[in-house]
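Colleague: any chance you can model this:
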Amino acid sequence: MSALLHVSDLKSHYRTQRGAIRAVDGVSFDLARGEVLGIVGESGSGKSTLALSLVGLLDPPGEIIGGEVRLEGKPILGRKEADLAAILGSRIGMLFQSPEGSFNPIATVGNQLLEALQAHGAGGREAAARAEAALALVGMPRIKEVMKSYPFELSGGMCQRAALAMVLSLNPTLLIADEPTASLDVLAQAELAQLFARLRDSVKFSMILISHDLGLVGALADRVIVMYAGKIVEEGPVERALESPQHPYTRGLLASLPKLNRLPADLPVIPGHAPSSVGRALGCAFSPRCNEAVSSCREGEAPGLRRIGPEHRVACIMREENRAEQSERKEGGNGTGSGG
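Modeller: Numbering: from 1, shown residues only. I've put the predicted structure just below:
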């Protein structure tokens, strides 16, 4: 079956006086129908730029300079603004970090839900019914009251639910959620995570969940992509990539997660800082921060993604060398056995 979303060698840069920042640097992946894909990484790894690039919404000084994005086989990038607007909402729904940014502060939530539905062809009565049904779907209390409320009158969690309801009311094929819980308090984060889990099982759409919260991604996603310095450094099923990570960066992210029996001061941290991505350094971009790096990690071309297991890929020279050694040992063992 063909992928719902196909991304090939996508590149997005930010033009600065110091040069081009390669925020997304040759990213390729496929998203299957009904799949939840998590994209994780530190701030500055390129996650949010990737989200905007997928739908052609990257504003200056950002620029998509290459690559291809196809939804159901049809190209997204390079379309006219009107064509792109038709795709957004009806085919692709976007949920952003700041829920207030999804709404006009001087119009009621209900009016904005109705306007979005009517802009995509729904009549008055149909729009009203679909708006209320969407609010019920996301577990919104006091629906009639919320419809008459202004966005600033809602809590952060309720506002994010209303934003999600607006997206779902248009029945998108793909939902892209960019750090949807980051601006919420802990309780609202937990409630939204439970809502996403319920929607994952009840509503038939594919989802890209972009987050720094590995726990959220681990609970919701089928597959995960780990980004560093604009590139994918590890990709695979959640149970492989997060429970048995092979890239040192992924292991560092997981080790830094808070634990109940550990004080914040005792949490291990990844030393140093992410690179600026200006210019093109030799070797692996993570090597200056990696305690496993050897001289070959800092020389030549950056390592590309290599398959190390079923649907599991890693961009790490050390993993490649380990596999080569294991292959040599296996061949040597087989040779000795056949000679006996």
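Colleague: so what's the most centrally placed residue in the chain up against?
Modeller: Among the residues of the chain, Ile210 comes closest to the average C-alpha position under C-alpha atoms, centre = their mean, at 2.8 Å. Listed by C-beta atoms under 8 Å, 6 or more residues apart in numbering, the contact set of Ile210 reads Gly38, Ile39, Val40, Lys47, Ser48, Leu50, Ala51, Ile176, Ala177, Asp178, Glu179. Bear in mind the C-beta positions are built from the backbone N, C-alpha and C, glycine included.
Colleague: output those in TSV, with secondary structure, pLDDT and neighbour count appended to each entry.
Modeller: Below are the contacts of Ile210 laid out as TSV (DSSP: H, G, I helix; E, B strand; the rest coil; pLDDT from 0 to 100; neighbours: other C-beta atoms under 10 Å):
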residue	secondary structure	pLDDT	neighbour count
Gly38	strand	96	25
Ile39	strand	97	27
Val40	strand	95	26
Lys47	helix	93	23
Ser48	helix	91	19
Leu50	helix	95	27
Ala51	helix	93	22
Ile176	strand	95	26
Ala177	strand	93	24
Asp178	strand	92	20
Glu179	coil	91	20
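Colleague: let me have those in CSV, extended by distance to Ala86.
Modeller: Output for those, formatted as CSV (distance: C-beta to C-beta, whole Å):
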residue, distance to Ala86
Gly38, 28
Ile39, 25
Val40, 31
Lys47, 26
Ser48, 24
Leu50, 22
Ala51, 19
Ile176, 17
Ala177, 21
Asp178, 21
Glu179, 26
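Colleague: from those, which single one is nearest His312?
Modeller: His312 has its nearest neighbour among the contacts of Ile210 in Gly38, at 14.5 Å by C-beta to C-beta.
Colleague: okay, and the beta partners of the closest one?
Modeller: Note on Gly38: beta-bridge partners by DSSP bridges are Leu209, Val224.
Colleague: for it, list the residues it contacts.
Modeller: Contact analysis of Gly38 by C-beta under 8 Å, 6+ apart lists Leu209, Ile210, Ser211, Val217, Gly218, Leu220, Ala221, Arg223, Val224, Ile225, Val238.
Colleague: make sure Met94 is indeed in a strand.
Modeller: Yes. Per DSSP: H, G, I helix; E, B strand; the rest coil, Met94 lies within a strand segment.
Colleague: that one bridge partners, please.
Modeller: Applying DSSP bridges to Met94 gives these bridge partners: Ile176.
Colleague: so who does it touch?
Modeller: By C-beta under 8 Å, 6+ apart, the contact list for Met94 reads Ala51, Val55, Leu57, Leu88, Val167, Ile176, Asp178.
Colleague: look up how far Ile210 lies from the last one.
Modeller: Computed as C-beta to C-beta, to the nearest Å, the Asp178 to Ile210 distance reads 5 Å.
Colleague: so for stretch 107-114, what gets flagged as buried?
Modeller: Thr108, Val109, Gly110, Gln112, Leu113, Leu114 (16 or more other C-beta atoms under 10 Å).
Colleague: helix or strand next in line after the one helix or strand the third one maps to, which one?
Modeller: Okay, so that is Gly110. Using DSSP states H and E, Gly110 sits within helix 109-119. Using DSSP H and E, the helix or strand that follows helix 109-119 towards the C-terminus is helix 124-137.
Colleague: which other helices and strands does the very next helix or strand once past that following helix contact?
Modeller: Using DSSP H and E, the next helix or strand after helix 124-137 towards the C-terminus is helix 143-147. Packing contacts for helix 143-147, counted by 3 or more C-beta pairs under 8 Å, 6 or more residues apart in numbering; DSSP states H and E, involve helix 109-119, helix 124-137.
Colleague: got the angle between the shortest one and helix 124-137?
Modeller: When axes from the mean of the first three to the mean of the last three C-alpha atoms, to 10 degrees is applied, the directions of helix 109-119 and helix 124-137 differ by 120 degrees.
Colleague: averaged pLDDT, helix 109-119. What do you get?
Modeller: Helix 109-119 carries an average pLDDT of 92.
Colleague: for that helix, packing partners?
Modeller: Helices and strands touching helix 109-119, by 3+ C-beta pairs under 8 Å, 6+ apart, are helix 124-137, helix 143-147, helix 156-169.
Colleague: ok so, going back, what touches both of Asp178 and Ile210?
Modeller: Common contacts of Asp178 and Ile210 (C-beta under 8 Å, 6+ apart): Lys47, Ser48, Ala51.
Colleague: just give the nearest non-adjacent residue to the second one, would you?
Modeller: With sequence-adjacent residues excluded and distances taken as C-beta to C-beta, 6 or more residues apart in numbering, Ser48 is closest to Asp178, at 5.5 Å.
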